[in-house]
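*Asks:* got a structure for you, letters missing:
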């Protein structure tokens, strides 16, 4: 594993390269996308980003939900982590189920988002192949680091749950912005067209969900 040296005072701290890139994609996405695109990296690293952040997010979400449910049923006001330690195998199964289901759904969302984004980029006269779209959108998942941190604090201090929701909204917007910058670099598009390529797939998917669920809503009414 490649390490990057970071000078801290008079000492040198070695940090794994993927961690350095993680921060770079959040703070200076255009610079780091330019590097990874020209190096033609394989999708393994973006895959790890998507999978690891999904596991962390859904695992902490499962802990938070089951812990809050346990706390609600208890008169002692336990925190989610303390409540989970007393949880039954059923609640543990729920946590692992959320991790599995959430991770699979995010991997599917990554592939579908990249497929639709690539199609939109091609319509907008962009160059480059599908793997470029897949890679840059996978790197965009680094924006979820803020969500993971917020979920962690929420499991320790449940009143911060409202902060978690706010962070989730901001992180989602920043993820789309990072994706738009990446798509513009990957396919030689303007930033505006890159953002269109990142946003339009979500509108298409939302419209698809509405169409598919419309019979159910119609029957309810």
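*Replies:* Everything's here; your move. Treat the numbers as computed from the prediction; the structure is a model and nothing was measured.
*Asks:* from what I can see residue 64 touches residue 156, true?
*Replies:* No. Contact criterion C-beta atoms under 8 Å: residue 64 and residue 156 do not qualify, at 9.8 Å. Backbone N, C-alpha and C define where each C-beta goes, glycine included.
*Asks:* Which one of those two is surrounded by more residues?
*Replies:* Neighbour count, other C-beta atoms under 10 Å: between residue 64 and residue 156, residue 64 has more, with 22 against 13.
*Asks:* what pLDDT, on average, does the helix or strand that one falls within get?
*Replies:* Here residue 64 sits within helix 44-73, counting by DSSP states H and E. Taken as a whole, helix 44-73 carries a mean pLDDT of 84.
*Asks:* And stretch 211-218, by the same measure?
*Replies:* For stretch 211-218, mean pLDDT rounds to 76.
*Asks:* just stretch 148-163 next, same as before
*Replies:* Mean pLDDT, computed over stretch 148-163, is 81.
*Asks:* And for stretch 91-109?
*Replies:* For stretch 91-109, mean pLDDT rounds to 90.
*Asks:* One more: stretch 190-202?
*Replies:* pLDDT averaged over stretch 190-202 gives 93.
*Asks:* hey, which helix is longest across this protein?
*Replies:* Ranked by residue count and defined by DSSP state H, the top helix of the chain is helix 89-123.
*Asks:* For it, which helices and strands make contact with it?
*Replies:* Under the contact criterion of 3 or more C-beta pairs under 8 Å, 6 or more residues apart in numbering; DSSP states H and E, helix 89-123 touches helix 44-73, helix 130-139, helix 161-187, helix 191-220.
*Asks:* Just want the angle from the third one to helix 44-73.
*Replies:* Direction vectors for helix 161-187 and helix 44-73, defined by axes from the mean of the first three to the mean of the last three C-alpha atoms, to 10 degrees, enclose an angle of 170 degrees.
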